[in-house]
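# Kindly generate the corresponding structure for this input.
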Amino acid sequence: MASSSELEKRPAHGVDPHDEPSAEWGWHGQFPKATRIAGLLTALALLGMLIGNHRGHIEDIYLVATAAVIVIALIWDRIRSRTSWRR
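Numbers count the residues shown, from 1 in each chain. Predicted coordinates for the structure are as follows:
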């Protein structure tokens, strides 16, 4: 059985330094705004690739489908981030 010194209360928000030692010496988080901007720029770049001199249109289907998946993921992430405080 573990002693009380081993079972310390973990912080509600943040990273436990025992799980990830890098949290002790610096910031440990994510870049949500930069991730959304990068996703939007990627989707726009994929749609920009539709302009070209190719004859077949199968690659157009893949480009549009991939861009649509990225945009749907961005919308889902935006909705999820707005309602996360309600949980």
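# Give the buried residues for the top helix by length along the chain.
In the chain, ranked by residue count with DSSP state H as the criterion, the top helix is helix 58-83. Across helix 58-83, burial judged by 16 or more other C-beta atoms under 10 Å covers L63, A67, I70, V71, L74. C-beta here means a position set from N, CA and C on the backbone, and glycine is covered the same way.
# is it possible to export the residues you listed to a markdown table including pLDDT and distance to L50?
Rendered in a markdown table, the data for the buried residues of helix 58-83 read as follows (pLDDT from 0 to 100; distance: C-beta to C-beta, whole Å):
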| residue | pLDDT | distance to L50 |
| --- | --- | --- |
| L63 | 95 | 6 |
| A67 | 98 | 9 |
| I70 | 97 | 15 |
| V71 | 97 | 15 |
| L74 | 95 | 19 |
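# out of those, which one sits closest to Q30?
Closest approach between the buried residues of helix 58-83 and Q30, by C-beta to C-beta: L74, at 14.9 Å.
# Please give the element, helix or strand, for the closest residue to the closest one other than its chain neighbours.
Nearest in space to L74, with sequence neighbours left out and distances taken as C-beta to C-beta, 6 or more residues apart in numbering, is G39 at 5.0 Å. For G39, the element it lies in under DSSP states H and E is helix 32-48.
# Would you mark the buried spots in that helix?
A43, L46, L47.
# circling back to that earlier point, list the contacts for the residue nearest to L74?
The neighbours of G39, taking C-beta atoms under 8 Å, 6 or more residues apart in numbering as the test, are I70, A73, L74.
# Including distance to R55, could these go into CSV?
Output for these, formatted as CSV (distance: C-beta to C-beta, whole Å):
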residue, distance to R55
I70, 26
A73, 31
L74, 32
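# Which of the residues you listed lies at the shortest distance from G52?
Proximity of the contacts of G39 to G52, judged by C-beta to C-beta, is greatest for I70, which lies at 19.8 Å.
# Relative to G56, how far out is that closest one?
In this structure, I70 and G56 are separated by 23 Å, where distance is defined by C-beta to C-beta, to the nearest Å.
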